[in-house]
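Engineer: build me a structure from this.
(one chain, ligands or ions: 1)
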Amino acid sequence: MQLRLFSWLFVLVAAFFALKAGAQDDAQRAKDALIVRTLLRLPGVDLSQKPEAKAALLRYLEGEKGTEKYLEIVEKFALRETKDELLRLAVEQSEGTLGVKAAGLLVKFQENELLAKTIADPDPTKGAKLVAALGLLSDKKTNDLLSPLVTDEQKPLAIRSAAVTALGRNAPGQRWLLATVEQGKLPADLKFAAANALLSSADEAVKSAAGKHLSLPATAGGQPLPPIAELVKRMGDAARGKELYATTGTCAKCHKVKGEGKEVGPDLSEIGSKLSKEALYLSILDPSAGVSFNYETWAVRTLDGTVLSGVLVSQTDEAIELKTAEAIVHKLARDDIDQMKKQAISLMPADIQKLLKAQDLVDIVEYLTTLKKPGPD
Ligand code: HEC
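Structural biologist: Okay, the predicted model is just below:
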């Protein structure tokens with residue numbers, strides 16, 4: 001009984017101190033907010049002489065992460081200490097205003113080393129997202145950072161392709177790309193990305209010069225595919241898209257949506273929350289440019305000479321399981337494997353647009369955008 005009383009007492013005392021600490025936090029926060037408001041009103045503040053004010057700003061920012069205000073304050077006071085948070089935003093919201101602004105601040109702060117390190121990250125999707133955010137800045141200052149990536153064949157295709165798209169977003173970048181194409185220096189696996197960027201140029205001269213070397217692939221019926229910049233502007237019919245997805249498009253042969261279809265590639269039940277329209281078109285039309293993590297294609301040769309390619313679904317010390325494009329799982333003993341190599345290309349066919357007319361594709365993408373994560377409402 002006494003023990004119970006003691007433990008109750010203990011809980012009460014702990015609660016008292018927690019409340020007190022909370023009150024102190026609140027007081028500190030109110031004080032910081034006041035300092036921030038004052039600093040924001042003053043012109044030309046030099047924080048190098050005011051370490052306490054800077055500390056107050058940084059403490060205040062902790063509670064403002066992921067907001068417009070955060071970036072505004074970081075920019076006004078050139079708070080380079082926030083670079084890791086800026087990078088996180090740039091990668092996680094690479095297609096949104098906040099992410100693009102954060103990327104812009106990293107460029108402004110000349111954090112080139114941090115940018116280069118992220119672009120070289122072992123997970124290429126991270127680097128590709130950062131490159132995409134840099135591209136959406138449409139600022140020619142980023143070109144020097146991005147153009148060497150295009151011809152560096154050591155870099156993953158996802159990064160090089162994102163760099164082409166990024167350069168295509170500003171006029172000097174387009175001219176650089178065009179010159180690279182004209183000099184025959186564009187790696188073949190970037191043709192789609194380059195055609196897509198240059199054939200949608202607002203500059204007629206760039207467009208027609210590019211047209212001499214590059215073309216977008218033909219759709220069903222032989223019509224060339226319009227550039228993605230044009231496709232995203234068209235209206236689609238989601239109901240028709242749903243039907244095409246399961247029939248002519250052959251998508252259901254490899255993707256599950258809400259439990260239906262085979263699962264060779266990623267489940268698409270919530271793809272509309274993950275990818276923008278533009279990114280959806282890119283995934284469909286140039287699948288190798290952005291192979292999703294865990295869905296890389298492996299080519300395996302067995303000792304008896306059979307070659308199989310597919311996505312690795314499991315691996316142990318004794319055996320691996322490989323799922324082919326037909327959704328057949330093959331179990332192979334390690335002892336029977338002669339060679340195993342990761343491929344640079346996606347298992348998703350690169351010429352799927354041949355099965356579809358441009359409008360069919362627009363309808364399928366419209367359908368995919370309706371596949372959203374269940375919202376809080
Ligand atoms: C032969 C199998 C196959 C077919 C057919 C196929 N896909 Fe894929 N798809 C894949 C694989 C494997 C991946 C993962 C590798 C990659 O990202 O390229 C993928 C990736 C994707 C992605 C990116 C998913 C993500 O999470 O980033 C989208 C979107 C997509 N496919 C849509 C489609 C649509 C739409 C069709 C029909 C027009 C289609 N796919 C047909 C195999 C296929």
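
Engineer: without its sequence neighbours, what residue ends up closest to residue 362?
Structural biologist: Distances taken as Cβ to Cβ, 6 or more residues apart in numbering place residue 236 nearest to residue 362, at 4.3 Å, with adjacent residues excluded. For the C-beta atoms, the positions are set from N, CA and C on the backbone; glycine is no exception.

Engineer: can you give me the helices for the stretch 101-250 of the chain?
Structural biologist: Secondary structure of the stretch 101-250 of the chain by DSSP state H, counting those that start in this stretch: the helices cover 112-119, 124-136, 143-151, 157-167, 171-182, 191-198, 204-211, 228-231, 238-246.

Engineer: and the second one with helix 112-119, angle?
Structural biologist: To tie it back to what came earlier, the one meant is helix 124-136. Helix 124-136 and helix 112-119 are oriented at 130 degrees to each other (axes from the mean of the first three to the mean of the last three Cα atoms, to 10 degrees).

Engineer: mind listing what residue 262 touches?
Structural biologist: By Cβ atoms under 8 Å, 6 or more residues apart in numbering, residue 262 lies in contact with 252-256, 327.

Engineer: quick check: the gap between the spatially most central residue of the chain and the ligand.
Structural biologist: By Cα atoms, centre = their mean, the chain has its centre lying nearest to residue 129, at 3.7 Å. As judged by Cβ to the nearest ligand atom, to the nearest Å, residue 129 and the ligand stand 12 Å apart.

Engineer: who's in contact with that residue?
Structural biologist: 90-92, 94, 162.

Engineer: rerun that using 10 Å as the cut-off
Structural biologist: Applying Cβ atoms under 10 Å, 6 or more residues apart in numbering, we find residue 129 in contact with 90-95, 99, 103, 118, 123, 158, 162, 290.

Engineer: give me the buried entries from the contacts of residue 262.
Structural biologist: Among the contacts of residue 262, the ones that count as buried by 16 or more other Cβ atoms under 10 Å are 254-256.

Engineer: list, out of those, those positioned next to the ligand.
Structural biologist: Contacts with the ligand within those, as defined by Cβ under 6 Å from any ligand atom: 254-255.

Engineer: which of the buried ones among the contacts of residue 262 lies closest to the ligand?
Structural biologist: residue 254 (3.0 Å; Cβ to the nearest ligand atom).

Engineer: quick check: residue 273 touching residue 279?
Structural biologist: No: at 11.8 Å, residue 273 and residue 279 do not qualify as touching, with contact defined as Cβ atoms under 10 Å.

Engineer: out of those two, which sits in the more crowded spot?
Structural biologist: The neighbour comparison of residue 273 against residue 279 (other Cβ atoms under 10 Å) goes to residue 279, with 16 against 12.

Engineer: quick one: list the elements packing against the longest strand along the chain.
Structural biologist: When every strand of the chain is counted residue by residue (DSSP state E), the longest turns out to be strand 307-315. When contacts are defined as 3 or more Cβ pairs under 10 Å, 6 or more residues apart in numbering; DSSP states H and E, strand 307-315 packs onto strand 297-302, strand 319-323, strand 329-333, strand 337-342.

Engineer: what does that strand contact?
Structural biologist: For strand 307-315, using Cβ under 10 Å, 6+ apart, the contacting residues are 254, 263-266, 291-292, 294-302, 320-332, 334, 338-343, 345-347.

Engineer: direction included, what does that strand pair up with?
Structural biologist: Neighbouring strands of strand 307-315 in its sheet, by DSSP bridges, are strand 297-302 (antiparallel), strand 319-323 (antiparallel).

Engineer: looking at the contacts of residue 262, spot the one nearest residue 306.
Structural biologist: residue 327 (18.4 Å; Cβ to Cβ).

Engineer: and that closest one, backbone torsions?
Structural biologist: As for residue 327, its main-chain torsions (degrees, to the nearest 10) stand at phi 70, psi 30.

Engineer: tell me how far it lies from residue 72.
Structural biologist: 50 Å (Cβ to Cβ, to the nearest Å).

Engineer: helix or strand right after the helix or strand of the chain with the lowest mean pLDDT?
Structural biologist: When each helix and strand of the chain is scored by mean pLDDT, DSSP states H and E, helix 2-41 comes last, with a mean of 77. Using DSSP states H and E, the helix or strand that follows helix 2-41 in sequence is helix 51-62.

Engineer: dump the next helix-or-strand element following that following helix to CSV, keeping only the CA atoms.
Structural biologist: Using DSSP H and E, the helix or strand that follows helix 51-62 towards the C-terminus is helix 68-76. Only the C-alpha atoms of helix 68-76 are listed here, as CSV (Å, rounded to 0.1, in the frame of the first residue of the first chain):
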residue,chain,number,x,y,z
GLU,A,68,7.5,28.9,-46.5
LYS,A,69,8.5,31.0,-43.4
TYR,A,70,11.4,28.7,-42.6
LEU,A,71,12.9,29.4,-46.1
GLU,A,72,12.2,33.1,-45.9
ILE,A,73,14.1,33.4,-42.6
VAL,A,74,17.0,31.2,-43.8
GLU,A,75,17.3,33.3,-46.9
LYS,A,76,17.1,36.7,-45.2
